[in-house]
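Visitor: What follows is a predicted structure for the sequence shown.
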Amino acid sequence: MAGRSGTLARPSSAAGRGIDAAMLGVLLFIASEVMFFAGLFAAYFSIRAEHPLWPPPGFTIDIVTAAILTVILVSSSFTMQYAVSRIQKGDRTGMIRGLTVTLILGVAFLLGQLYDYHSLTFGISSGVYGTLFYTMTGFHGLHVTAGVVTMGIVLIRALQGQFSSRHYTAVQAVSLYWHFVDIVWIGLFTTLYIVR
């Protein structure tokens, strides 16, 4: 558009505002994952509604281990958010500390889940309850693993000094994904261990 001097006018700074393309991609991915887990929860409650005795006899779970895993994962959300808030203020060291602690907590959760699987008295082929339990928690564990790997990559980049108070989209994207994983676990813990 030509201005009064006959030169092309620069686009308004408002046109440059909006959501970053990478963040939009992460949000759309998370939205698709919400639908995926919603389908799993719908299948669980639909099957549960058809069985008057739920879970079937002989299916015991360790609620103490699951509660400890819940504390670990929820705590990791706080350390992840700490990492984001630190880099927003230009504190690279604080961000690295937050990412490192979050990564350790994520690995601890995965190891705890493996321990929980090892101590269970039923398997994925032990009827519909076993199949649902392992499918839901297993897919969640797969998502935690993806989050840990991605966070590890972001941590390596952070150690190389690739982030600043003006450039931290990858840290924020991993944070959103990690919060999503935590929220899903709270739903799983409530559904599979408390409400049953």
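Guide: Arrived safely, thanks for sending.
Visitor: now residue 36, nearest residue through space, not along the chain?
Guide: residue 139 (7.8 Å; C-beta to C-beta, 6 or more residues apart in numbering). All C-beta spots, glycine's among them, are computed from the backbone N, C-alpha and C.
Visitor: That neighbour against residue 41, yeah?
Guide: No: under the contact definition of C-beta atoms under 8 Å, residue 139 does not touch residue 41, with a separation of 11.3 Å.
Visitor: what's the single longest helix in this structure?
Guide: helix 127-159 (DSSP state H).
Visitor: for the record, mean pLDDT for that helix?
Guide: Per-residue pLDDT over helix 127-159 has a mean of 96.
Visitor: what do you get for stretch 39-55?
Guide: Averaged over stretch 39-55, pLDDT sits at 93.
Visitor: in the helix or strand where residue 47 lies, what counts as buried?
Guide: Assigned by DSSP states H and E, residue 47 belongs to helix 21-50. Buried residues in helix 21-50, defined by neighbour count with 16 or more other C-beta atoms under 10 Å: 26, 30, 33, 37, 40, 44, 48.
Visitor: remind me which residues of this protein are low pLDDT?
Guide: Scanning the chain for pLDDT under 70 picks out 1-17.
Visitor: rerun that using 80 as the cut-off
Guide: The chain contains residues with pLDDT under 80 at 1-19.
Visitor: circling back to that earlier point, and for the residue nearest to residue 36, the neighbour number?
Guide: Here the number of neighbours of residue 139 (other C-beta atoms under 10 Å) works out to 16.
Visitor: who's in contact with residue 158?
Guide: Contact partners of residue 158, counting by C-beta atoms under 8 Å, 6 or more residues apart in numbering, are 87, 92, 95-96, 99, 171.
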